[in-house]
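*Asks:* Quick one, structure for this:
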Amino acid sequence: MRRTFAPLVVSTAAIGLLAACAASVQAPIAEIAGPAAPVNAGSFVQLDGSGSKDPQNRSLTFTWTFDARPLGSTTTLADANTAKPSFMADVPGNYVVNLTVSNSVLTSTTAATVTVQVSTCAANAPVINGIQTSRATMNIGDSVQFTADVTDADNAPPCNLSQTFNYAWLLTQQPEGSRASLNNERSEKPSFTADKAGDYVVRLVVTDSTGLSSAQKTLTQTVKQCGAAAPTVTATAMPQTTHPNAAVNLTATVTDPDNACGANQTSTVQWSVRSKPDASSPVFSDSRSLRPTFAADKAGAYDITVTVDACGNVPPTVDSISASSGVSGTPPAGRVGTSITVDPVNVSNLNCLATGAPTSEWSLSVPSGSRAALSDPAATSPSFTPDVPGDYQVSLQVRDSLGIRSSPVFLRISALDCTPAPIAPVVNRIELVLPSADVTPEAPPALTIAPPLSTDQR
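*Replies:* Now for the predicted structure:
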């Protein structure tokens, strides 16, 4: 059998050629600009390996890797095969990055290394150290304001970031039946007014301008039963016997046990006439005053009462409705086609927990065939225009800021049709009497106008 060694000689020559080529190529050198300056957590870090060199000026390829990252970090290198990659420092600590370069023949024998120090600045959430109240003790009807002591390490040296805070307050618990609420849940210093005895729990979470939020903090504010007692009232009149249209001085004396326990509540009174002579219209100077005057226009006995209410679930009141239509009379009347304006009479807000003036809620009932409507059912003094004759009924309730409504009051307005009726023509009979033949022709004929024809004669 014939043997040949030519392939072995060729292979040996090829290996020798490659070895000689590699021996003439020098490894590139990896270099990283730096060291990198310390950064805050949440910042992007730019690395720079453009200073790496190749002795033969060959083109280089770059390989960046993390040698170490802080516990909890999940960041990765962006553009890890370029000269200038980057990464986000997602948690505080030291990030160690390695760089190797290759000239397509050899790789750098030593990796370049850089350590990036990331501080805790911008990584700190706010801390609520405590919640304070403006009152150590509270009674029903008292108002209280809340403030919070909030700190953030990002705002302290050496960070000094001057971050701002957003507040989120919430009333998470209150006594059964309570309608109390915080006046502004986003305020730095919100407040509320207690309307029931028991525990009120407020919760606060603070978020800084980087979006980091604090742990929630709660505070329980206890409201004592003081303030829940009902007031009493006694009434006197001077004189008790008088003449029609003479003024009588009335006095309401209010006693409230809550004032003795420190509640210092405000009470409101309401005078009214329970019984009176027929067709009389007595008048109070001010039915809400502690000392009004009273005048009666008819002789007889008048039964006058006064009631008192303290703060709490007390509805507002409205005495009656007045109408302005251009037509006088009792009950009020109007004309078809003419606008009628209605107004509330003596609206009062008796609940001292309510704020602002009560809101009007009007409604209108119309005769059959009418399309009349109120100009604005929520206005203080709306108007409407009767479009057919008949009775129109206006009703009104007022609602306070707590949503409590008054008893309704009503007013009936009769609309008259005052369109002028057509005038029927009056037919007169005219007789012309001609002169007889013996009368002088120059004499004019006589003209006589007879009375109107009767129906039977037409």
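*Asks:* Show me the contact partners of stretch 200-220.
*Replies:* 42, 122-128, 130-131, 133, 146, 148, 150, 152, 154, 163-175, 178, 180, 182, 192, 194, 199, 221-223 (Cβ atoms under 8 Å, 6 or more residues apart in numbering). Every residue, glycine included, has its C-beta placed from N, CA and C.
*Asks:* Ser365 - nearest residue in space that isn't next to it in sequence?
*Replies:* Gln393 (4.3 Å; Cβ to Cβ, 6 or more residues apart in numbering).
*Asks:* Dihedrals phi and psi, that neighbour?
*Replies:* Torsion angles at Gln393 (phi, psi; degrees, to the nearest 10) stand at phi -110, psi 120.
*Asks:* doesn't Leu364 make contact with it?
*Replies:* Yes. Using Cβ atoms under 8 Å, Gln393 is in contact with Leu364, at 7.3 Å.
*Asks:* Between those two, which is the more surrounded one?
*Replies:* Set Gln393 next to Leu364 and count neighbours by other Cβ atoms under 10 Å: Leu364 wins out with 17 against 13.
*Asks:* tell me what the helix or strand where the more buried one lies is packed against?
*Replies:* Counting by DSSP states H and E, the element that carries Leu364 is strand 359-365. Packing contacts for strand 359-365, counted by 3 or more Cβ pairs under 8 Å, 6 or more residues apart in numbering; DSSP states H and E, involve strand 340-348, strand 390-399.
*Asks:* show me what contacts Ile128?
*Replies:* For Ile128, the contact set (Cβ under 8 Å, 6+ apart) comprises 148-150, 204, 206, 214-217.
*Asks:* can you tell me which helix or strand the residue nearest the centre of the chain belongs to?
*Replies:* What sits nearest the mean C-alpha location of the chain, by Cα atoms, centre = their mean, is Asn184, with 9.0 Å. In the assignment (DSSP H and E), Asn184 maps to no helix and no strand.
*Asks:* my guess is it meets Pro190, correct?
*Replies:* Yes. The criterion here is Cβ under 8 Å, and Asn184 meets it with Pro190 at 5.1 Å.
*Asks:* rewinding a little: quick one: the contacts of Ile128 as TSV, columns for neighbour count and secondary structure too.
*Replies:* Converted to TSV, those look like this (neighbours: other Cβ atoms under 10 Å; DSSP: H, G, I helix; E, B strand; the rest coil):
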residue	neighbour count	secondary structure
Ala148	21	strand
Asp149	11	strand
Val150	20	strand
Leu204	20	strand
Val206	24	strand
Ser214	21	coil
Ala215	10	coil
Gln216	13	coil
Lys217	18	strand
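*Asks:* Relative to Arg203, how far out is Asp258?
*Replies:* The gap separating Asp258 from Arg203 is 30 Å, by Cβ to Cβ, to the nearest Å.
*Asks:* any weak-confidence spans in the stretch 151-300 of the chain?
*Replies:* For the stretch 151-300 of the chain, applying pLDDT under 70 flags the ranges 227-228, 262-265.
*Asks:* thinking again about what came up before, farthest pair in the contacts of Ile128?
*Replies:* Using Cβ to Cβ, those reach their maximum pairwise distance at Asp149 and Gln216, which is 14.9 Å.
*Asks:* that older thread, for Ala33, which of the helices and strands packed on strand 359-365 is the nearest?
*Replies:* For Ala33, the closest of the helices and strands packed on strand 359-365 is strand 390-399, at 72.1 Å, according to Cβ to Cβ.
*Asks:* how about that closest one as CSV, C-alpha atoms only?
*Replies:* The C-alpha trace of strand 390-399 is given here as CSV (Å, rounded to 0.1, in the frame of the first residue of the first chain):
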residue,chain,number,x,y,z
GLY,A,390,-105.8,79.2,35.5
ASP,A,391,-104.0,78.5,38.7
TYR,A,392,-100.2,78.2,38.9
GLN,A,393,-98.6,76.8,42.1
VAL,A,394,-95.1,77.7,43.0
SER,A,395,-93.2,75.6,45.7
LEU,A,396,-89.9,76.2,47.4
GLN,A,397,-87.4,74.3,49.5
VAL,A,398,-84.1,75.7,50.6
ARG,A,399,-81.0,73.4,51.2
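*Asks:* Just the buried positions in the helix or strand following it, please.
*Replies:* Counting by DSSP H and E, the next helix or strand C-terminal to strand 390-399 is strand 409-416. By 16 or more other Cβ atoms under 10 Å, the buried positions in strand 409-416 come out as 409, 411, 413-415.
*Asks:* Tyr95: which of those is nearest?
*Replies:* The nearest one, if we look at those relative to Tyr95 and count by Cβ to Cβ, is Val409, at 76.8 Å.
*Asks:* Show me what that closest one is bridged to.
*Replies:* Assessed by DSSP bridges, Val409 has beta-bridge partners Leu396.
*Asks:* show me where the stretch 251-400 of the chain has helices.
*Replies:* In the stretch 251-400 of the chain, no helices are defined using DSSP state H, counting those that start in this stretch.
*Asks:* Would you map out the domains in the chain?
*Replies:* Annotated domains of the chain cover 39-119, 127-224, 232-309, 317-416 [automatic domain parsing].
*Asks:* and Glu31, which of these is closest to it?
*Replies:* Within these, the stretch nearest Glu31 is domain 39-119; the backing value is 4.2 Å (Cβ to Cβ).
*Asks:* Figure out how far that closest one is from the centre of its chain.
*Replies:* Centre-to-centre, domain 39-119 and its host chain are 53 Å apart (Cα atoms, centre = their mean, to the nearest Å).
*Asks:* That one - what's its average pLDDT?
*Replies:* Domain 39-119 shows a mean pLDDT of 93.
*Asks:* how long is it from one end to the other?
*Replies:* End-to-end span of domain 39-119 (Cα to Cα, to the nearest Å): 6 Å.
*Asks:* Roughly how far does Ala372 sit from Ser320?
*Replies:* In terms of Cβ to Cβ, Ala372 sits 21 Å off from Ser320.
*Asks:* who's more crowded, the two?
*Replies:* The residue with more neighbours, out of Ala372 and Ser320, is Ala372; 16 against 12, by other Cβ under 10 Å.
*Asks:* so which of the domains of the chain comes closest to Gln26?
*Replies:* Evaluated over these, closeness to Gln26 peaks at domain 39-119, with 4.2 Å, by Cβ to Cβ.
*Asks:* so who does the residue nearest to Ser365 touch?
*Replies:* Shown in contact with Gln393 (Cβ under 8 Å, 6+ apart): 364-365, 410-413.
*Asks:* The nearest residue to Ala247 once chain neighbours are set aside - how many residues pack around it?
*Replies:* Distances taken as Cβ to Cβ, 6+ apart put Thr293 closest to Ala247, at 4.5 Å, once the chain neighbours are dropped. When counting by other Cβ under 10 Å, one arrives at 14 neighbours for Thr293.
*Asks:* about what we covered before: and Ser272, which of the helices and strands packed on strand 359-365 is closest to it?
*Replies:* Closest of the helices and strands packed on strand 359-365 to Ser272 is strand 340-348, at 11.5 Å (criterion: Cβ to Cβ).
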